[in-house]
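Undergrad: What follows is a protein structure lacking sequence information:
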(Lines give C-alpha, C1' and ligand atoms only; values in the text may rest on other atoms or scores of the structure.)
Protein backbone atom coordinates (compact mmCIF):
# COMPACT_ATOMS: atom_id res chain seq x y z
CA UNK A 1 0.00 0.00 0.00
CA UNK A 2 1.31 3.46 -0.91
CA UNK A 3 1.32 6.34 1.49
CA UNK A 4 -0.49 8.74 -0.89
CA UNK A 5 -2.55 8.33 -4.05
CA UNK A 6 -3.06 11.41 -6.21
CA UNK A 7 -5.87 11.33 -8.75
CA UNK A 8 -5.12 13.93 -11.41
CA UNK A 9 -1.88 14.86 -13.12
CA UNK A 10 -2.23 18.58 -13.76
CA UNK A 11 -0.41 21.31 -11.78
CA UNK A 12 -2.23 20.59 -8.48
CA UNK A 13 -1.65 16.84 -8.48
CA UNK A 14 1.92 17.03 -9.75
CA UNK A 15 2.84 19.75 -7.24
CA UNK A 16 1.54 17.63 -4.37
CA UNK A 17 3.34 14.55 -5.69
CA UNK A 18 6.60 16.45 -6.10
CA UNK A 19 6.74 17.70 -2.51
CA UNK A 20 5.69 14.36 -1.10
CA UNK A 21 8.16 12.28 -3.15
CA UNK A 22 10.96 14.79 -2.57
CA UNK A 23 10.47 14.23 1.17
CA UNK A 24 10.51 10.43 1.03
CA UNK A 25 6.78 9.70 0.86
CA UNK A 26 5.70 6.87 -1.41
CA UNK A 27 3.25 8.47 -3.84
CA UNK A 28 1.40 7.23 -6.90
CA UNK A 29 -0.20 9.61 -9.41
CA UNK A 30 -3.03 8.50 -11.69
CA UNK A 31 -4.01 10.41 -14.82
CA UNK A 32 -3.90 10.46 -18.58
CA UNK A 33 -2.16 13.81 -19.12
CA UNK A 34 -5.35 15.24 -20.60
CA UNK A 35 -5.24 18.35 -18.42
CA UNK A 36 -6.49 21.69 -19.75
CA UNK A 37 -2.87 22.84 -19.27
CA UNK A 38 -2.16 21.65 -22.81
CA UNK A 39 -4.24 24.62 -24.04
CA UNK A 40 -2.45 27.13 -21.82
CA UNK A 41 0.28 29.65 -22.41
CA UNK A 42 1.97 30.52 -19.13
CA UNK A 43 2.76 34.21 -18.82
CA UNK A 44 1.60 34.56 -15.22
CA UNK A 45 3.53 31.79 -13.46
CA UNK A 46 6.16 33.19 -11.12
CA UNK A 47 9.68 32.41 -12.37
CA UNK A 48 8.53 31.32 -15.82
CA UNK A 49 8.66 34.21 -18.32
CA UNK A 50 6.82 32.23 -21.03
CA UNK A 51 6.07 28.54 -21.49
CA UNK A 52 3.39 26.46 -23.16
CA UNK A 53 1.23 24.31 -20.94
CA UNK A 54 2.44 21.22 -22.78
CA UNK A 55 6.08 22.06 -22.02
CA UNK A 56 5.12 22.75 -18.40
CA UNK A 57 3.44 19.35 -18.16
CA UNK A 58 6.42 17.55 -19.70
CA UNK A 59 8.90 19.21 -17.35
CA UNK A 60 6.68 18.75 -14.31
CA UNK A 61 6.03 15.07 -14.99
CA UNK A 62 9.76 14.41 -15.48
CA UNK A 63 10.63 16.26 -12.26
CA UNK A 64 8.03 14.35 -10.25
CA UNK A 65 9.33 11.02 -11.56
CA UNK A 66 12.93 12.09 -10.88
CA UNK A 67 12.06 12.46 -7.19
CA UNK A 68 10.54 8.99 -7.10
CA UNK A 69 6.79 9.37 -7.55
CA UNK A 70 5.18 6.73 -9.73
CA UNK A 71 3.04 8.04 -12.59
CA UNK A 72 0.31 5.74 -13.92
CA UNK A 73 -1.25 6.41 -17.32
CA UNK A 74 -4.69 5.28 -16.22
CA UNK A 75 -8.15 6.58 -15.41
CA UNK A 76 -9.48 5.90 -11.94
CA UNK A 77 -12.84 4.19 -12.25
CA UNK A 78 -13.75 3.91 -8.58
CA UNK A 79 -12.60 5.15 -5.19
CA UNK A 80 -13.50 3.59 -1.85
CA UNK A 81 -12.76 4.44 1.76
CA UNK A 82 -11.38 1.38 3.53
CA UNK A 83 -10.44 0.86 7.18
CA UNK A 84 -6.82 1.95 6.80
CA UNK A 85 -7.17 4.46 3.97
CA UNK A 86 -8.42 4.37 0.40
CA UNK A 87 -8.59 1.92 -2.45
CA UNK A 88 -8.90 2.80 -6.11
CA UNK A 89 -9.54 0.74 -9.21
CA UNK A 90 -8.27 1.84 -12.62
CA UNK A 91 -9.76 1.42 -16.06
CA UNK A 92 -7.18 -1.37 -16.51
CA UNK A 93 -8.67 -3.32 -13.57
CA UNK A 94 -5.73 -2.63 -11.25
CA UNK A 95 -6.34 -1.90 -7.58
CA UNK A 96 -4.13 0.36 -5.49
CA UNK A 97 -4.37 1.45 -1.88
CA UNK A 98 -3.00 4.31 0.21
CA UNK A 99 -3.32 5.94 3.58
CA UNK A 100 -3.98 9.39 2.06
CA UNK A 101 -5.89 10.47 -1.04
CA UNK A 102 -5.57 13.71 -2.99
CA UNK A 103 -8.33 14.47 -5.50
CA UNK A 104 -6.84 16.77 -8.14
CA UNK A 105 -9.23 16.21 -11.00
CA UNK A 106 -12.39 17.75 -12.39
CA UNK A 107 -14.09 14.34 -12.13
CA UNK A 108 -16.65 14.99 -9.40
CA UNK A 109 -17.89 11.38 -9.28
CA UNK A 110 -14.99 10.39 -7.00
CA UNK A 111 -16.08 13.04 -4.51
CA UNK A 112 -19.61 11.65 -4.60
CA UNK A 113 -18.39 8.06 -4.12
CA UNK A 114 -16.57 9.06 -0.94
CA UNK A 115 -19.25 11.38 0.43
CA UNK A 116 -17.13 14.51 0.16
CA UNK A 117 -19.15 17.57 1.19
CA UNK A 118 -19.60 20.02 -1.66
CA UNK A 119 -20.45 23.68 -1.96
CA UNK A 120 -21.19 25.51 -5.21
CA UNK A 121 -20.38 22.39 -7.23
CA UNK A 122 -16.90 21.72 -5.81
CA UNK A 123 -15.44 20.01 -2.75
CA UNK A 124 -15.71 22.00 0.45
CA UNK A 125 -12.18 22.17 1.87
CA UNK A 126 -10.14 24.03 4.44
CA UNK A 127 -7.06 26.09 3.59
CA UNK A 128 -4.92 22.94 3.39
CA UNK A 129 -7.31 21.15 1.04
CA UNK A 130 -8.74 18.82 3.69
CA UNK A 131 -12.24 17.53 3.01
CA UNK A 132 -14.74 16.20 5.54
CA UNK A 133 -13.32 12.70 4.92
CA UNK A 134 -10.30 11.90 7.10
CA UNK A 135 -7.03 11.86 5.11
CA UNK A 136 -8.78 12.96 1.91
CA UNK A 137 -7.83 16.22 0.19
CA UNK A 138 -9.25 18.07 -2.81
CA UNK A 139 -7.08 20.57 -4.67
CA UNK A 140 -7.13 22.68 -7.84
CA UNK A 141 -10.32 22.47 -9.86
CA UNK A 142 -11.62 19.77 -7.51
CA UNK A 143 -12.04 22.50 -4.87
CA UNK A 144 -12.28 25.72 -6.88
CA UNK A 145 -15.09 26.69 -9.18
CA UNK A 146 -13.61 30.07 -10.04
CA UNK A 147 -10.32 31.88 -9.44
CA UNK A 148 -8.35 29.03 -10.93
CA UNK A 149 -5.06 29.08 -12.79
CA UNK A 150 -1.95 26.91 -12.90
CA UNK A 151 -0.03 28.69 -10.14
CA UNK A 152 -3.03 28.62 -7.80
CA UNK A 153 -3.58 24.91 -8.47
CA UNK A 154 0.10 24.15 -7.84
CA UNK A 155 -0.14 26.07 -4.57
CA UNK A 156 -3.21 24.07 -3.55
CA UNK A 157 -1.32 20.84 -4.21
CA UNK A 158 1.69 22.08 -2.25
CA UNK A 159 -0.49 23.05 0.72
CA UNK A 160 -2.04 19.57 0.85
CA UNK A 161 1.39 17.92 0.60
CA UNK A 162 2.83 20.06 3.40
CA UNK A 163 -0.20 19.24 5.56
CA UNK A 164 0.28 15.50 4.98
CA UNK A 165 4.01 15.78 5.74
CA UNK A 166 3.27 17.75 8.92
CA UNK A 167 0.74 15.17 10.06
CA UNK A 168 3.12 12.29 9.39
CA UNK A 169 5.95 13.99 11.28
CA UNK A 170 3.71 15.13 14.14
CA UNK A 171 4.86 18.75 13.88
CA UNK A 172 4.76 21.59 11.38
CA UNK A 173 6.93 20.71 8.39
CA UNK A 174 8.63 23.21 6.10
CA UNK A 175 10.08 22.27 2.74
CA UNK A 176 12.98 24.73 2.59
CA UNK A 177 16.04 23.78 0.57
CA UNK A 178 19.28 25.68 1.02
CA UNK A 179 22.27 26.22 -1.22
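TA: Perfect, I can see it now. Not measured: the values here are computed from a predicted model.
Undergrad: For this structure, list the residue farthest from the centre, please.
TA: Most distant residue from the mean C-alpha position of the chain: residue 179, 27.6 Å away (Cα atoms, centre = their mean).
Undergrad: Could you measure from it over to residue 21?
TA: 21 Å (Cβ to Cβ, to the nearest Å). Quick note: C-beta positions are derived from backbone N, CA and C, even for glycine.
Undergrad: mean confidence for the top strand by length along the chain?
TA: Longest strand in the chain by number of residues (criterion: DSSP state E): strand 95-103. Averaging pLDDT along strand 95-103 gives 97.
Undergrad: Likewise for stretch 114-134?
TA: The predicted model gives stretch 114-134 an average pLDDT of 95.
Undergrad: ditto for stretch 146-155
TA: For stretch 146-155, the per-residue pLDDT averages 88.
Undergrad: so how many other residues sit close to residue 81?
TA: By other Cβ atoms under 10 Å, 16 other residues sit near residue 81.
Undergrad: what about it, which helix or strand?
TA: For residue 81, the host element (DSSP states H and E) is strand 76-82.
Undergrad: Direction included, what does the next helix or strand after that strand pair against?
TA: Following strand 76-82 in sequence order, the next helix or strand is strand 85-90 (DSSP H and E). Looking at strand 85-90 with DSSP bridges, its partner strands are strand 76-82 (antiparallel), strand 95-103 (antiparallel).
Undergrad: Tell me, how many residues neighbour residue 166?
TA: By other Cβ under 10 Å, neighbour count at residue 166 equals 14.
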